[in-house]
Structure formats: structure tokens, C-alpha cells
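*Asks:* Build me a model from this:
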Amino acid sequence: MTKEILVRYVHDSMTRFEMTDIGDWCDLRASETVKLEKGEFGLIPLGVAMKLPDGYEAHVAPRSSTFKNFGVIQTNGIGIIDNSYQGNDDLWFMPVFALRDTEICENDRVCQFRIVKKQPKLGFVEVNKLDGKNRGGHGSTGVQ
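*Replies:* Next up, the predicted model:
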């Protein structure tokens, strides 16, 4: 069953979303040109506001080529956009830190998103011991 996402584009000049048969992430584009100097923090406007389906949230992450092409890293590693962030002015941004002087132009693909079901309500039960097999702790799987 296809889930519908209502999308408001900020500018008519923006490239519209297209779904591909390869993977299930959707590219997001800068909605305006952003220039950053090395060491500078910035918010890249993505030029969209969306209403996600009930029970879903969006995970926003850099594209695999974002650092190579633009020299920026997403400051929070991954962005989570809750489906309650759905107003006309609830615009999406990508927070970045520039590791070199860079220019990201309007319509450059800078990040990607996918929607996933929200985590169900959880209950936590305190115990004195877990019965699972120990794997050896942090870093126990080795290097190769």
C-alpha cells in the first residue's frame, strides 16, 4: 500500500521529488545557494515542508557523496523529523559544519530521507542479571 506524503515546495524552481527503483531513500536538495567558510556552522534550507503519514517519522542523513562534494558533515549525524512537525512553515533544514570553504548551490542534492514507523511504546523492567550470551563487550568483534 502506498503511503502519501503531502509536500509543500518553497520555490517553483526546485526540482520535485522522484522515486527510483534503486534503494528506498529520497534525495533532498538545497533550496538556495549557501556559502560556508571552513569551521562555520550553517543550516542548509531544503525548501520543503511535509505532512508525513500518522505513525511515521523521517530520518534525514547525508548522501554518500556529500562530504566529498561539499566538505560538510551533518552536525547531528542523522536528523529525525517527527510527523507532528507538519505545519506550512515547518521547513526542513540540514545542519552542517564546514571542514573547508564550500558553496552548495540551489538544487544540489545534499542529503536524503526515508520514512520509518515510529518506535512503539516501551516499558523498562529492571533486572539483576541478563541471561543472554556475552559477546565480549565494546569492540569485541575485531578489526578484520
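*Asks:* CA atoms for contacts and neighbours, from now on please.
*Replies:* Will do.
*Asks:* so who does the residue nearest the centre of the chain touch?
*Replies:* By C-alpha atoms, centre = their mean, the mean C-alpha position of the chain lies nearest to V60, the distance being 0.9 Å. Listed by C-alpha atoms under 8 Å, 6 or more residues apart in numbering, the contact partners of V60 are 78-81, 111-114.
*Asks:* Return the item of those having minimum pLDDT.
*Replies:* Of all the contacts of V60, I78 has the smallest pLDDT value, namely 89.
*Asks:* any idea how far it is from W25?
*Replies:* As for I78, its distance to W25 is 14 Å (criterion: C-alpha to C-alpha, to the nearest Å).
*Asks:* So between the two, which is more surrounded?
*Replies:* A direct count of neighbours by other C-alpha atoms under 10 Å for I78 and W25 places W25 higher, at 17 against 14.
*Asks:* what's the nearest residue to that one if we skip its chain neighbours?
*Replies:* Computed as C-alpha to C-alpha, 6 or more residues apart in numbering, the closest residue to W25 that is not its neighbour in sequence is R114, at 5.0 Å.
*Asks:* just checking, that neighbour is part of a helix?
*Replies:* No - secondary structure assignment places R114 outside any helix; it is strand (DSSP: H, G, I helix; E, B strand; the rest coil).
*Asks:* what's the neighbour count on it?
*Replies:* Counted with other C-alpha under 10 Å, residues neighbouring R114 total 14.
*Asks:* Filter the contacts of V60 down to the buried ones.
*Replies:* When these are checked for burial by 16 or more other C-alpha atoms under 10 Å, the buried set is 79, 81, 111-113.
*Asks:* Let me have those in a markdown table, extended by distance to R29.
*Replies:* As requested, the buried ones among the contacts of V60 are exported to a markdown table (distance: C-alpha to C-alpha, whole Å):
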| residue | distance to R29 |
| --- | --- |
| G79 | 15 |
| I81 | 16 |
| C111 | 7 |
| Q112 | 8 |
| F113 | 11 |
